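Peer 1: using only what follows, build the 3D model:
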Amino acid sequence: MRTPSVAVVGGGASGALTAIHLLRLARTSWTPVAVTLLDQHGRHALGQAYATTDPHHLLNTRADRMSALHDEPDHLLTWARIAGLDVNGSSYLPRTIYGRYLRDVLTVAEDPPNRPLHRVTATAVALDGDHAVRLANGRRIDADAVVLALGNRSPAPVPGLIAHPRYVADPWAGGALTGIGDGAPVLVLGTGLTMVDVALTVTRAHPGTVVYALSRHALLPRPHLPQPASPVPVTVPDEPLRVADLLATTRRAVRESGGDWHGVMEGLRPHAQALWRRLGPGERRLFLRRVARYWEIHRHRIPPASAAAIADLRARGRLRLLRGSLIETKPAAGGLRVRADLDGTMTDLDVGWLVNATGPSADVTTDPFLASLITAGMARPDPLRLGLDAGPDGAVLDAAGRPSDRLFTLGPLLRGTLYETTAVPEIRAQAAALAPRLVEVAASHAARAQSVA
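Peer 2: As a prediction, the model looks like this:
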């Protein structure tokens, strides 16, 4: 019988973790499975986050929580010590080192050769009816099961912006920030995690660079404590759940714990996906509109070292937060002239560079490959259009709401269904749970195809 095959579309952390858990299961169950890991940039296992070469871009989670293996929580620490790194559980590793780690784990998972892994560099453009992945170069990758592991999408275009050589539409595109070293002022749209990375990079590239960071609320991610807080139990009311109930419960827990919001967030984290599922569609929209930004800055925190560097830049006037919105941009000598509404006051700002750090696009249909699946009726967006609609096991739902028996997804594409699904701890759990299903599905379809042949 031919070897069952699985194609993983997307070679970042989500795709790599899927391949790792799938290959490890194939080994322990003595089940042959051929895995194709498809990445359009050839950055297999690195994706956007871990392809950075800036050593000051740190993981936003402690090392003791970042193992790639769901059943071996100390795996990363063991790897780091063998590699000669001075690391403990409370370390925040450079993301470039974590990328090396993921690549090493992937390499180990594919050895010996009876568990083949094929790394392919190409762009997926469509799925054919038999679930072959069609590539931009005309090639087809046949598969018994397909996993969509596309990770975070590029930032959405910002109204009022013009195309310009000094406008960086996606700071995570290869080499996007390498030109920003002339000392000209930089305007960054957004004040979240991406802005932190951009500011750290461009201010180190030139001692005179000043960064202006513009967003509606001008809120920065909060820092982690030097030592993690103990989880504070949070009792949430029974169904039906409203955003108002969730906020009231959280605020009460913070008060009763003496203001320990870090502990409250630690207590909420394991239940975040279940709480999101309990919110109705209207309540989810309300959360995104009114609460999401405050949740994100408290939930997705930055390492103490990054927070100290940002505080130093602000104290020296090299990072200035602006609260407001961009109105328009025009070419100007040496860069761009930006008009912004800052707390109701129209302000013109001349900058040398403009960087879009507003975060991943919030509309899944802007991705051409995903849009082709939706148009073909093979998938449908979730009600909020943050990702794809899927069943509890990650099976993609078609236009009629029927779960696919061969097409699955995990990670950021489940954001509308799970919301908290972008961090490695959540994704590795999804990958571990999905692996047995993929082995079963691939083996079943391979056997069926063999019998027909």
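Peer 1: strands along the stretch 1-150 of the chain, start to end?
Peer 2: For the stretch 1-150 of the chain, the strands defined by DSSP state E, counting those that start in this stretch cover 5-9, 34-39, 117-121, 124-127, 133-135, 140-141, 145-148.
Peer 1: show me the shaky parts of the stretch 101-250 of the chain.
Peer 2: 112-115 (pLDDT under 70).
Peer 1: for the stretch 301-450 of the chain, just list every one of the strands.
Peer 2: 319-332, 335-342, 345-351, 353-356, 395-397, 403-409.
Peer 1: strand 345-351 and the longest one, what's the angle between them?
Peer 2: Relative orientation of strand 319-332 and strand 345-351, computed by axes from the mean of the first three to the mean of the last three Cα atoms, to 10 degrees: 80 degrees.
Peer 1: what's the angle from strand 319-332 to strand 335-342?
Peer 2: Using the same axes, to 10 degrees: strand 319-332 against strand 335-342 is 120 degrees.
Peer 1: please name every helix or strand in contact with strand 319-332.
Peer 2: strand 211-215, helix 304-315, strand 335-342, strand 345-351 (3 or more Cβ pairs under 8 Å, 6 or more residues apart in numbering; DSSP states H and E). (Glycine included, C-beta is placed from N, CA and C.)
Peer 1: before we move on, what about the shortest one?
Peer 2: Contacts of strand 395-397 with other secondary structure elements, assessed using 3+ Cβ pairs under 8 Å, 6+ apart, are made with strand 403-409.
Peer 1: who does the strand it packs on pair up with?
Peer 2: strand 145-148 (parallel), strand 395-397 (antiparallel) (DSSP bridges).
Peer 1: what's the closest of the helices and strands packed on strand 319-332 to residue 63?
Peer 2: helix 304-315 (13.4 Å; Cβ to Cβ).
Peer 1: any idea how far the closest one is from the chain center?
Peer 2: 24 Å (Cα atoms, centre = their mean, to the nearest Å).
Peer 1: got it, and stretch 395-402?
Peer 2: 23 Å.
Peer 1: for the stretch 1-150 of the chain, what spans make up the helices?
Peer 2: 13-28, 75-82, 95-109 (DSSP state H, counting those that start in this stretch).
Peer 1: point out the most buried one among the ones you listed.
Peer 2: helix 13-28 (a mean of 25; mean count of other Cβ atoms under 10 Å).
Peer 1: return the distance of the residue nearest to residue 377 when sequence neighbours are not counted relative to residue 374.
Peer 2: Among residues not flanking residue 377 along the chain, residue 399 sits closest, at 3.9 Å (Cβ to Cβ, 6 or more residues apart in numbering). Here residue 399 is placed at a distance of 8 Å from residue 374 (Cβ to Cβ, to the nearest Å).
Peer 1: please identify which of these two sits among more neighbours.
Peer 2: The neighbour count for residue 399 versus residue 374, taken as other Cβ atoms under 10 Å, is higher for residue 374 (19 against 14).
Peer 1: which pLDDT value goes with the more buried one?
Peer 2: Confidence at residue 374, expressed as pLDDT, is 95.
Peer 1: mind listing what it touches?
Peer 2: 364, 365, 380, 381, 399 (Cβ atoms under 8 Å, 6 or more residues apart in numbering).
Peer 1: any chance of the residues you listed in TSV, plus distance to residue 139?
Peer 2: Formatted as TSV, the contacts of residue 374 follow (distance: Cβ to Cβ, whole Å):
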residue	distance to residue 139
364	25
365	25
380	27
381	28
399	27
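Peer 1: list just the nearest of the residues you listed to residue 198.
Peer 2: residue 364 (24.7 Å).
Peer 1: wait, the closest one sits on residue 389?
Peer 2: No: applying Cβ atoms under 8 Å, one finds residue 364 not in contact with residue 389, separated by 9.7 Å.
Peer 1: which residues do these two both contact?
Peer 2: Taking Cβ under 8 Å, 6+ apart as the criterion, residue 364 and residue 389 both touch 381, 382, 416.
Peer 1: can you pick the most crowded of the residues you listed?
Peer 2: residue 416 (23 neighbours).
Peer 1: residues touching it, list them.
Peer 2: 364, 381, 382, 383, 384, 385, 386, 387, 388, 389.
Peer 1: now it. Nearest residue, chain neighbours left out?
Peer 2: residue 382 (3.1 Å).
Peer 1: what sits against the one you found?
Peer 2: So residue 382 contacts 364, 388, 389, 390, 415, 416, 417 (Cβ under 8 Å, 6+ apart).
Peer 1: need the per-residue pLDDT for it.
Peer 2: pLDDT, residue 382: 95.
Peer 1: go on, residue 311?
Peer 2: On the pLDDT scale, residue 311 gets 98.
Peer 1: do the same with the one 4 residues further on
Peer 2: At residue 315 the predicted local distance difference test score is 98.
Peer 1: can you point out the buried residues in stretch 272-290?
Peer 2: Residues 272, 273, 275, 276, 278, 279, 283, 284, 286, 287, 288 are the ones in stretch 272-290 that count as buried (16 or more other Cβ atoms under 10 Å).
Peer 1: need the contact partners of that stretch.
Peer 2: Counting by Cβ under 8 Å, 6+ apart, residues outside stretch 272-290 touching it are 236, 239-243, 246, 268, 295, 299, 383-384, 417-421, 426.
Peer 1: switch to 7 Å and redo it
Peer 2: The contact list for stretch 272-290, computed with Cβ atoms under 7 Å, 6 or more residues apart in numbering, reads 236, 239, 240, 241, 242, 243, 246, 383, 384, 418, 419, 420.
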